[in-house]
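Visitor: Turn this into a structure:
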Amino acid sequence: MSSNLAVPTTSGFKFEITLSNFPLSALYAAVLSTFKEMGWHYREVPEHAVIEADFEAHHTKLPLHVQVFGETHIASAVATCTLQVPSTHRLPICELLMRTNRELNIGNFELDWETGTVLFRATNVFPPHRYDQRIIASLVHSAIAEMDRLTPFLGEIIRTSKGELLLLKVADLMQREDLLPPAPEESEEDNQ
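Guide: Below is the predicted model of the structure:
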């Protein structure tokens, strides 16, 4: 049997595919180059077109990964909240995520129902062979900024006792400006 696909078989034998067997996509190379040029410390995930990194944001340290789908020219930056949502608090968290998603122009928040993990995902489809590193960096910045912005609101809901959840008004909570990170200061380059 000859195949170049990784296919598990009932006998337990499988063909292994690694990135070393195939050339990296130009988009993956552009993502790597972006991380290097921005000075971001990163880890490549073996056997996958994925780069992982940890970022210090205003409220918390955020794990992030960028997954590249080279053949379709898609890159997706995903920031993960380090707070876990208990099953008892899913409904108000989902309301918060849905209300927030409605206001977003780029990306979306997601809740992994089984694990209670909140994610922010920003994805871009690039034109073939035109991988703008500013867009790649923007995907990463957006994912970090949005997750950092939402983390204190998630924390407020998670810290609310089960008995008080019925009294919690998510729309009112979202109006609390004291939970927002400070606005970034504009540099002289931004004003030109």
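Visitor: Where does pLDDT dip in the protein?
Guide: Residue ranges of the chain with pLDDT under 70: 1-23, 186-192.
Visitor: Go again with 80.
Guide: 1-23, 180-192 (pLDDT under 80).
Visitor: Tell me what Ala77 is bridged to.
Guide: Following DSSP bridges, Ala77 is listed with bridge partners Val66, Ala122.
Visitor: check contacts around the most centrally placed residue in the chain.
Guide: Geometric centre of the chain, nearest residue: Val78, 1.5 Å, by C-alpha atoms, centre = their mean. Applying C-beta atoms under 8 Å, 6 or more residues apart in numbering to Val78 gives the contacts Leu64, His65, Val66, Gln67, Leu119, Phe120, Arg121, Ala122, Ala143. Where you see a C-beta, it was placed from the backbone N, CA and C, and this is true even at glycine.
Visitor: got the phi/psi numbers for the closest residue to Ile93 other than its chain neighbours?
Guide: Once flanking residues are discounted, Ile93 sits nearest to Val85: 5.0 Å by C-beta to C-beta, 6 or more residues apart in numbering. In terms of degrees, to the nearest 10, the main-chain angles of Val85 are phi -90, psi 120.
Visitor: hang on, Val85 packs against Leu150?
Guide: No: using C-beta atoms under 8 Å, Val85 is not in contact with Leu150; the gap is 12.0 Å.
Visitor: which residues are in contact with both of the two?
Guide: Val118.
Visitor: residue boundaries of the helices in this structure?
Guide: Secondary structure of the chain, counting by DSSP state H: helices at 26-38, 90-103, 133-159, 170-173, 188-191.
Visitor: Restricting to C-alpha, output the fourth one in PDB.
Guide: Output in PDB follows, covering the C-alpha atoms of helix 170-173 (Å, rounded to 0.1, in the frame of the first residue of the first chain):
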ATOM      1  CA  VAL A 170     -24.800  41.300  32.000                       C
ATOM      2  CA  ALA A 171     -25.800  44.500  30.000                       C
ATOM      3  CA  ASP A 172     -25.200  46.600  33.200                       C
ATOM      4  CA  LEU A 173     -21.900  44.900  33.900                       C
END
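Visitor: okay if I get the helices of the chain as CSV plus mean neighbour count and distance to Leu180?
Guide: As requested, the helices of the chain are arranged in CSV below (neighbours: other C-beta atoms under 10 Å; distance: least, C-beta to C-beta, whole Å):
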stretch, mean neighbour count, distance to Leu180
helix 26-38, 18, 25
helix 90-103, 16, 12
helix 133-159, 19, 6
helix 170-173, 14, 12
helix 188-191, 6, 20
